[in-house]
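Student: What shape does this take:
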Amino acid sequence: MQENKPENRPEPGSTAAGPSGQGDRNQRYWFHILAQNTPAARNLHAAKLVDKAWQQGDRVCVVCDTARHAEELDDLLWNFSPDAFIPHSVVPDSATTCTDPVGILLCPPVAEDWDTVIILSATLPADADRFKRLALVAHNDPNVLNQARSHFKQLRALGIEPKVHDQRKRG
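Tutor: Next up, the predicted model:
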């Protein structure tokens, strides 16, 4: 049986957060450090990553810590672009199945369910080395940067050397 896909949507396996494929597994893990210091900038950057990955055919999830944060992301994705529609839903717990191609998770993601995982939460999932693609987004705030450093160390302990995109260095 052949799967019905829209003609303009490529197969899953996008390069939305960076390159993927059979190459170096470290190339599937990225840190995005923003020059801005606001949570709104972080959410907008995450929404852009979601849009790009979804447009390239990925199932995408964004992991956050609070229902309020999930609601902010939900509103942002509904209003992200006047001519774009990103089908998504909020997943409050691991007992809830996400049938949309994009999920805003308030629980740890299951690696097999998602092509791209975007972490905005304070906790890095224990099985982070099993994700196809992982992007961590931090804005230029001392507390968030400390969380990002902790996540970076955890990934290194798993044998992963993530690629860092530090926008603070742009002049």
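Student: Bridging across strands, which residues link to the residue nearest to the spatial centre of the chain?
Tutor: Nearest to the geometric centre of the chain sits I118, at 1.5 Å (C-alpha atoms, centre = their mean). With DSSP bridges applied, I118 shows beta-bridge pairing to V62, A135.
Student: so where's the chain uncertain?
Tutor: Where the chain drops to pLDDT under 70, the residues are 1-27, 170-171.
Student: ranges for the strands of it?
Tutor: 29-33, 60-63, 88-91, 102-105, 116-119, 133-138, 163-166 (DSSP state E).
Student: Which residue ranges of the chain form helices?
Tutor: Under the criterion DSSP state H, helices of the chain are mapped to 39-55, 67-79, 142-157.
Student: what's the angle from the last one to helix 39-55?
Tutor: By that I understand helix 142-157. Interaxial angle of helix 142-157 relative to helix 39-55 (axes from the mean of the first three to the mean of the last three C-alpha atoms, to 10 degrees): 40 degrees.
Student: Now helix 142-157: buried residues?
Tutor: 144, 147-148, 151-152, 154-155 (16 or more other C-beta atoms under 10 Å). (C-beta placed from N, C-alpha, C; glycine too.)
Student: That helix to strand 133-138, inter-axis angle?
Tutor: Using the same axes, to 10 degrees: helix 142-157 against strand 133-138 is 150 degrees.
Student: same question, the longest one
Tutor: Taking the same axes, to 10 degrees, one finds that helix 39-55 is oriented at 160 degrees with respect to strand 133-138.
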